[in-house]
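**Student:** give me coordinates for this.
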Amino acid sequence: MRPAFWAAALLLAACAHTETAPVEIPDYPPFGDGVWPRPITFNQYDDRHPQWLPDGSGIIYSTERGDQQYDRDRCIALLPPDGGSQRWRTCEIEGDRFDTTDVYEWPSVSPTGDVTFIRTTGWRLSNKTGTPRIALAHGFDIQHSRVVRTLPFISNTGKQQVIGWTFRWIASDQLVYLGVLEFIQTSAFRTDTFFTGQEVTLLHLIDDSTTNFTAVPGTDWASSVAVGDDSTAIYYTIGGDSRVYRRHLMTGVVDTVHDFGSGRVVRDVSVRGNTLAAIVGDSTIFSYEAVHSGWVQRDEGGGISVVDLTTGAEVNFDLAPIWLFRHPEISPDGHRLVVEVQPFAYPIQVPKFGTGATNHRADLWLFSLDEAPLGL
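**Tutor:** Presented below is the predicted three-dimensional model:
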């Protein structure tokens, strides 16, 4: 799609801020070279929220700065489609403030080169709290993005959305995303947080100063959302449910495209053509918590399942109790899958700290969808 545009945009971004990917390769890498899957980031800190460029020429993601651990900022970076050195990385540079934690996360690129992402500024080391907003940049000019809306806000259903996850472009002026609620829990004067899905939301960019937000009916407690290739339908999952639903945007008709079966909770859905990828089972709890006045899904991750939607055939890959997967993304051509990988942990309902804290540090791995272990 528009190769001249992408080449120019990438060159501009590279000239503006070129970095090398953090490389702290573990003593015992999980897989050898040339074997699927393979890790494509080796960061002592967090690498998360991958999405493909619309033409498949790169992977954009959120990365925690290893060179500035005083305040733990997070940046947006771009990798080649098969991994390697970062093509570029951009971080908050307004005064390079050490008294705040500045976070860029959940980036998503439109076919015309706009980038939407979550931009949060908080007190130092409080990168999951602070002042988040949905931001929009043109041509990868992340530093000069504009605020689409500040968060949190109350949607048209009366639900509160504290942050937005997995932004997906339906058209050049319309996106869909998962509205998420953040809970802060305290213990011994320390804070911990967890997130749970609230509802799927349509975002309409009317002009530079007007934006409309509409919750999608029937998506209470949604846990993920994706968009089909032709942008006529969205796919979504609900907390604690084993089914992936499809909603046709023109008619509002909802059907079930796949059911993973009783007890297999599905979330983090991605769809390309007739191929669906999702996270299924393992380390998740969906329950009513009176202290939070509603249903919540605590989720550390699970196994990967890839489904041929024409036949219903599943291919499953699980590395519990060593690793857990989150947020798989199928490449535009349907041949690759990038995913977050983090050490196994059980969901906890009370905060833990110090030696008992859960290790949430994630890296990115790349799978082939043509070869084992995920080839259909």
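**Student:** who are the neighbours in contact with Y288?
**Tutor:** Taking CB atoms under 8 Å, 6 or more residues apart in numbering as the criterion, Y288 is in contact with 294-296. To be clear about C-beta, it is placed using only N, CA and C from the backbone, and glycine gets the same treatment.
**Student:** how about CSV for those residues, with neighbour count added?
**Tutor:** Formatted as CSV, the entries for those read as follows, by neighbours: other CB atoms under 10 Å:
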residue, neighbour count
G294, 13
W295, 16
V296, 24
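**Student:** between the residues you listed, which is closest to G158?
**Tutor:** G158 has its nearest neighbour among the contacts of Y288 in G294, at 12.0 Å by CB to CB.
**Student:** which strand residues bridge the closest one?
**Tutor:** E289 (DSSP bridges).
**Student:** quick one: low-confidence parts of the stretch 251-376 of the chain?
**Tutor:** Scanning the stretch 251-376 of the chain for pLDDT under 70 picks out the ranges 350-359.
**Student:** so the residue nearest to the spatial centre of the chain is in which element?
**Tutor:** Per CA atoms, centre = their mean, the C-alpha nearest to the average position across the chain is that of H49, at 3.5 Å. Counting by DSSP states H and E, the element that carries H49 is strand 47-52.
**Student:** pLDDT on that strand, on average?
**Tutor:** Per-residue pLDDT over strand 47-52 has a mean of 97.
**Student:** sheet partners, orientation included, of it?
**Tutor:** Those paired with strand 47-52 in the sheet (DSSP bridges) are strand 59-64 (antiparallel).
**Student:** what's the following helix or strand after the partner strand?
**Tutor:** Proceeding C-terminally, strand 59-64 gives way to strand 74-79 as the next helix or strand, assigned by DSSP H and E.
**Student:** please enumerate the helices of the protein.
**Tutor:** Remark: helices assigned in the chain by DSSP state H are 3-16.
**Student:** check contacts around V315.
**Tutor:** The neighbours of V315, taking CB under 8 Å, 6+ apart as the test, are 305-307, 373-376.
**Student:** now for those: which two are most distant?
**Tutor:** V307 and P373 (14.7 Å).
**Student:** and the two? Which one has more around it.
**Tutor:** V307 (25 against 15; other CB atoms under 10 Å).
**Student:** show the end-to-end separation of stretch 121-130, please.
**Tutor:** With CA to CA, to the nearest Å as the measure, the ends of stretch 121-130 fall 5 Å from one another.
**Student:** number of residues surrounding R74?
**Tutor:** Using other CB under 10 Å as the criterion, the residues surrounding R74 number 24.
**Student:** likewise for H248?
**Tutor:** Count around H248 with other CB under 10 Å applied: 13.
**Student:** give me the beta-bridge partners of it?
**Tutor:** Beta-bridge partners for H248, by DSSP bridges, are A233.
**Student:** what does the one 10 residues further on give?
**Tutor:** Legend: beta-bridge partners of H258 under DSSP bridges are V244.
**Student:** so where do the strands sit in the stretch 251-376 of the chain?
**Tutor:** Here the stretch 251-376 of the chain has its strands, by DSSP state E, counting those that start in this stretch, at 254-259, 266-272, 275-289, 294-308, 314-317, 323-330, 336-343, 363-368.
**Student:** which other helices and strands does the fourth one contact?
**Tutor:** In other words, strand 294-308. Using 3 or more CB pairs under 8 Å, 6 or more residues apart in numbering; DSSP states H and E as the contact criterion, the elements in contact with strand 294-308 are strand 190-205, strand 266-272, strand 275-289, strand 314-317, strand 323-330, strand 336-343.
**Student:** save the ones you listed as a markdown table, and put in distance to R89 too.
**Tutor:** A markdown table is the format used below for these (distance: least, CB to CB, whole Å):
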| stretch | distance to R89 |
| --- | --- |
| strand 190-205 | 25 |
| strand 266-272 | 24 |
| strand 275-289 | 26 |
| strand 314-317 | 30 |
| strand 323-330 | 19 |
| strand 336-343 | 17 |
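**Student:** out of these, deepest packed?
**Tutor:** Comparing those by mean neighbour count (mean count of other CB atoms under 10 Å), strand 266-272 ranks first with a mean of 25.
**Student:** could you give the angle of it to strand 294-308?
**Tutor:** When axes from the mean of the first three to the mean of the last three CA atoms, to 10 degrees is applied, the directions of strand 266-272 and strand 294-308 differ by 40 degrees.
**Student:** run me through the strand neighbours of strand 266-272, direction for each.
**Tutor:** Applying DSSP bridges to the sheet, strand 266-272 is found paired with strand 275-289 (antiparallel).
**Student:** doesn't D241 make contact with G261?
**Tutor:** No. G261 lies out of contact with D241 (CB atoms under 8 Å); the separation is 11.3 Å.
**Student:** higher neighbour count, the two?
**Tutor:** Of the pair G261 and D241, D241 is the one with more neighbours under other CB under 10 Å, namely 21 against 12.
**Student:** need phi/psi at the more buried one.
**Tutor:** phi -100, psi 150 (degrees, to the nearest 10).
**Student:** kindly state the pLDDT recorded for it?
**Tutor:** Spelled out, the predicted local distance difference test score at D241 is 98.
**Student:** and it, what does it touch?
**Tutor:** When contacts are counted by CB under 8 Å, 6+ apart, D241 touches 265-266.
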